[in-house]
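Student: Have a look at this prediction, sequence included:
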Amino acid sequence: MVMQKQVALFSLSLLLLFLSHSTTTVAQPAAPPVPAGPPNITKILEKAGQFTIFLRLLGTTQVGSQINGQLNDSNSGLTVFAPPDNAFSSLQSGTLNSLNDEQKVELVQFHVLPSFYSVSQFQTASNPLRTQAGDTRQNEFPLNITTSGNQVNITTGVVNATVANTLYTDNQLAVYQVDQVLLPLSIFGPQTPAPAPAPEAPKNKKRKSTVAAGPTADDKEASGAVGVGAHAKVVGVTVGVAWLAALLS
């Protein structure tokens, strides 16, 4: 009996000791997921690697900031064709340095479509596609896309390129790697020669007057002087003859 009491007391002591040192864990609600921000073209290309030159052009022309701003402010979506460094290396030496600031902006904008296009949507795209560089007329910035299965081909009128890889897509922004730098006709196409100046109209030659010119004042004066001198000579001869006759009579 005593033994049972001792065992009961020992068990009770253990229970009290356990309760005194135990803590109650309250379940905390899960933190809400952090909403994903809009995509950033610079971070996408930096993560992909091998786009150093295109990234530099995006920065110096401010087109990269414009793209990120558009993705923040609208839901229309964008499509970017990104040439890797080896595509720029295949250009003729000095090509980029020969461009002025405006042409560099147009070159980068020519790689951006102001709408989102998935690979399958290229199959039904209406050519020529408008880029952010502007006018799609011939000798301006036309961009034509054709597909063959899953292959997407791009024609600018200067180069023929192919979509080599999908770098990013989220139904708002699509970034595709292309194997050529897209060169627009407006900058790299044959330049239209300036029109030749119109021939000058023949000048009318002045006709020579066929009317005989009348005597001038000097002629009249000379004529009058001759007349007066002759008359004086006649008068003098007459007087002399009369005087000689008077003497002889």
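Tutor: That came through fine.

Student: the helices in the protein, which residues?
Tutor: Using DSSP state H, the helices of the chain run over residues 2-21, 41-48, 52-60, 63-73, 85-89, 101-109, 185-188, 217-248.

Student: Return the member of those having the minimum mean pLDDT.
Tutor: Mean pLDDT across the helices of the chain is lowest at helix 217-248; the value there is a mean of 47.

Student: Kindly list the longest strand within the protein.
Tutor: strand 160-169 (DSSP state E).

Student: Output it as CSV, nothing but the C-alphas.
Tutor: What follows is strand 160-169, C-alpha atoms only, in CSV (Å, rounded to 0.1, in the frame of the first residue of the first chain):
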residue,chain,number,x,y,z
ASN,A,160,17.0,37.1,-92.9
ALA,A,161,17.0,36.0,-89.2
THR,A,162,15.6,33.1,-87.2
VAL,A,163,14.2,32.8,-83.7
ALA,A,164,16.8,30.5,-82.0
ASN,A,165,15.4,30.3,-78.5
THR,A,166,12.7,31.6,-76.2
LEU,A,167,14.4,33.4,-73.3
TYR,A,168,11.3,34.5,-71.4
THR,A,169,7.5,34.5,-71.7
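
Student: Name the strands paired with that strand and say parallel or antiparallel.
Tutor: Its sheet considered, strand 160-169 pairs with strand 151-155 (antiparallel), strand 173-178 (antiparallel) by DSSP bridges.

Student: any idea of the mean pLDDT for it?
Tutor: Summarised as a single mean, pLDDT over strand 160-169 is 96.

Student: Tell me which residues are up against it.
Tutor: Residues outside strand 160-169 that contact it (Cβ atoms under 8 Å, 6 or more residues apart in numbering): 39, 44-45, 48, 81-82, 118-119, 151-155, 174-182. To be clear about C-beta, it is placed using only N, CA and C from the backbone, and glycine gets the same treatment.

Student: Return the residues in contact with residue 57.
Tutor: Residue 57 is in contact with 63, 96, 104, 107-108, counting by Cβ under 8 Å, 6+ apart.

Student: In those residues, find the pair that's most separated.
Tutor: Among those, the pair separated by the greatest distance (Cβ to Cβ) is 63 and 96, at 14.4 Å.

Student: Which of those two has more residues huddled nearby?
Tutor: Shown here are residue 63 and residue 96; by other Cβ atoms under 10 Å, residue 63 has more neighbours (22 against 16).

Student: ok, back up a step: tell me which of the strands paired with strand 160-169 sits nearest to residue 132.
Tutor: Taking those one by one with Cβ to Cβ, strand 173-178 is closest: 13.6 Å.

Student: and the closest one with helix 52-60, angle?
Tutor: Put simply, strand 173-178 runs at 140 degrees to helix 52-60, going by axes from the mean of the first three to the mean of the last three Cα atoms, to 10 degrees.

Student: I'd like the average pLDDT over strand 173-178.
Tutor: Mean predicted confidence for strand 173-178 is 97.

Student: Give me the spatial nearest neighbour of residue 108, chain neighbours excluded.
Tutor: Once flanking residues are discounted, residue 108 sits nearest to residue 63: 4.4 Å by Cβ to Cβ, 6 or more residues apart in numbering.

Student: Isn't the one you found up against residue 104?
Tutor: No. Under the criterion of Cβ atoms under 8 Å, residue 63 makes no contact with residue 104, lying 9.2 Å away.

Student: Next up, the contacts around residue 42.
Tutor: 55, 58-59, 64, 68.

Student: Please repeat the previous calculation with a cut-off of 10 Å.
Tutor: Residues in contact with residue 42 (Cβ atoms under 10 Å, 6 or more residues apart in numbering) are 51, 55, 58-59, 64-65, 67-68.

Student: Check residue 124 too.
Tutor: Residues in contact with residue 124 (Cβ under 10 Å, 6+ apart) are 117, 147.

Student: pLDDT at it, what is it?
Tutor: Looking at residue 124, the pLDDT reads 92.
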